[in-house]
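In: How does the following fold in three dimensions:
(one chain, ligands or ions: 1)
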Amino acid sequence: MNRQFRLAHRPVGAAKETDWDLVTELVPSPGDGEFVVQIQQLSLDPAMRGWMNAGRSYVPPVEVGAVMRAYATGTVVVSRHPDFPVGELVTGEFGVQEYALSDGRGVRRIDRQLPVSASAYLGVLGLTGLTAYFGLLDVGQFQPGQTVVVTGAAGAVGSTVGQLAKLQGGRVVGIAGGAEKCHYLVHELGFDAAIDYKSENIRQALRTHAPYGADVFFDNVGGDILNDGLLRLAQRARVVLCGAVSQYNSTTGAQGPDNYLALLIARARMEGFVVTDYEDRYDEAIEALARWITDGALIAAEDIIRDSILAFPKTLARLFAGENTGKLILELEGAA
Ligand code: NAP
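Out: Have a look, this model is predicted:
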């Protein structure tokens, strides 16, 4: 049998367990050119909250009644597809369920030769790593010697952005919630400084740790933290709008930055992006990211929760409570 979470209601505020229906169906049978994947690991992403909303966005909303969208890894267990034999380890947009039917579109094979576990394909070798890579290097136009301030710094994208900037000769200041996360950023990931937004005054701390301002302000969080960061930009800075996790559960719309005129004073620009815009350059980024991982220069920061699929709603909530460090993954117990 295949247990799956289907969207029951569009949430108001934070998503609740009752916003999904837990449905049990027969495992699907593949037709010609199709295969079935047994899902092993589900990627938990702040964007999931946005996908549950109606209205225009960068991807269509999950329809009420549909299986909740999710990226995942798994093993092909039944196949009528010549390129995806039984036993192949794969990753793709398989949904929050135990088994997924696929025709292979958008599915990548997991390279077992690389010295990483399959979960890296949801993190540093997946959309997380690609977002960090293109956000920092392309949108942020980062150059060696420059200062990068990154918010949500101990999260999946943030921890990768900081490491990539360090690898390429940057000075990196992370902003994260809590002393433990800040200690991790400096002592495990090699950031130059970390600011605990829960106990420190961000404006003052940025004056200390980024005295000449941020050349790249990489923002995952939005709200007050973005607003404070705008007051510490270097001339011609780039503010990279990657996400705004502090705003996704708002019932009154996203809070805009009052300090936006700081962009004018610094002759800075603020630019949003969606990682999928870079699809035709994924191979270039994956090659670079895989090389850094193989060399031991890049740490795949992961937070893996091992539980059944029933734990999906409460695991997703961890992202909004700041309970994860690195890429949050739900590994399904009992999956081969
Ligand atoms: P993540 O950072 O691993 O997880 C979320 C983290 O956000 C939490 O651990 C928490 O850390 C922080 N947070 C949650 N609520 C907060 C609040 N109210 N104020 C401040 N911080 C808060 O998630 P991720 O997957 O790496 O995603 C990071 C951002 O990138 C998200 O905004 C996501 O939507 C965006 N994203 C964008 C793209 C794109 O193509 N543009 C692609 C992927 C992800 P603390 O403990 O530090 O609070």
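In: Now Val275: closest residue in space, sequence neighbours ignored.
Out: Excluding its sequence neighbours, the residue lying closest to Val275 (Cβ to Cβ, 6 or more residues apart in numbering) is Thr131, at 4.3 Å. C-betas here are computed from N, CA, C, even on glycine.
In: typo on my end, it should be Ala14
Out: Asn249 (4.4 Å).
In: List the residues that contact that neighbour.
Out: Neighbouring residues of Asn249 by Cβ atoms under 8 Å, 6 or more residues apart in numbering: 13-15, 49, 320.
In: What about the ligand: which of those touch it?
Out: Phe320 (Cβ under 6 Å from any ligand atom).
In: quick one: which of the contacts of Asn249 sit in helices?
Out: Judged by DSSP state H, the subset of the contacts of Asn249 located in helices is 49, 320.
In: Next, see if stretch 64-84 gets close to the ligand.
Out: No - Stretch 64-84 stays clear of the ligand (Cβ under 6 Å from any ligand atom), getting no nearer than 10.2 Å.
In: Can I get that stretch as PDB, trimmed to CA atoms?
Out: The C-alpha trace of stretch 64-84 is given here as PDB (Å, rounded to 0.1, in the frame of the first residue of the first chain):
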ATOM      1  CA  VAL A  64      -6.600  20.800  -3.300                       C
ATOM      2  CA  GLY A  65      -6.900  17.000  -3.400                       C
ATOM      3  CA  ALA A  66      -3.500  16.500  -5.000                       C
ATOM      4  CA  VAL A  67      -0.500  14.800  -3.500                       C
ATOM      5  CA  MET A  68       1.700  17.400  -1.700                       C
ATOM      6  CA  ARG A  69       4.600  18.400  -3.900                       C
ATOM      7  CA  ALA A  70       8.100  17.300  -2.600                       C
ATOM      8  CA  TYR A  71      11.500  16.500  -3.900                       C
ATOM      9  CA  ALA A  72      12.700  13.100  -2.900                       C
ATOM     10  CA  THR A  73      15.200  10.300  -3.400                       C
ATOM     11  CA  GLY A  74      14.300   6.600  -3.800                       C
ATOM     12  CA  THR A  75      14.900   3.300  -5.500                       C
ATOM     13  CA  VAL A  76      13.200   2.000  -8.700                       C
ATOM     14  CA  VAL A  77      11.200  -1.100  -7.500                       C
ATOM     15  CA  VAL A  78       9.200  -1.900 -10.700                       C
ATOM     16  CA  SER A  79      10.000  -0.700 -14.100                       C
ATOM     17  CA  ARG A  80       8.800  -0.700 -17.700                       C
ATOM     18  CA  HIS A  81      11.200   2.000 -18.700                       C
ATOM     19  CA  PRO A  82      14.400   1.100 -20.500                       C
ATOM     20  CA  ASP A  83      16.600   3.900 -18.900                       C
ATOM     21  CA  PHE A  84      15.400   3.300 -15.300                       C
END
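In: looking only at pLDDT, what's the mean for it?
Out: The average pLDDT for stretch 64-84 rounds to 98.
In: for stretch 319-332, same thing?
Out: Stretch 319-332 shows a mean pLDDT of 98.
In: For that stretch, buried residues please.
Out: Of the residues in stretch 319-332, 319-320, 322, 324-332 count as buried by neighbour count, 16 or more other Cβ atoms under 10 Å.
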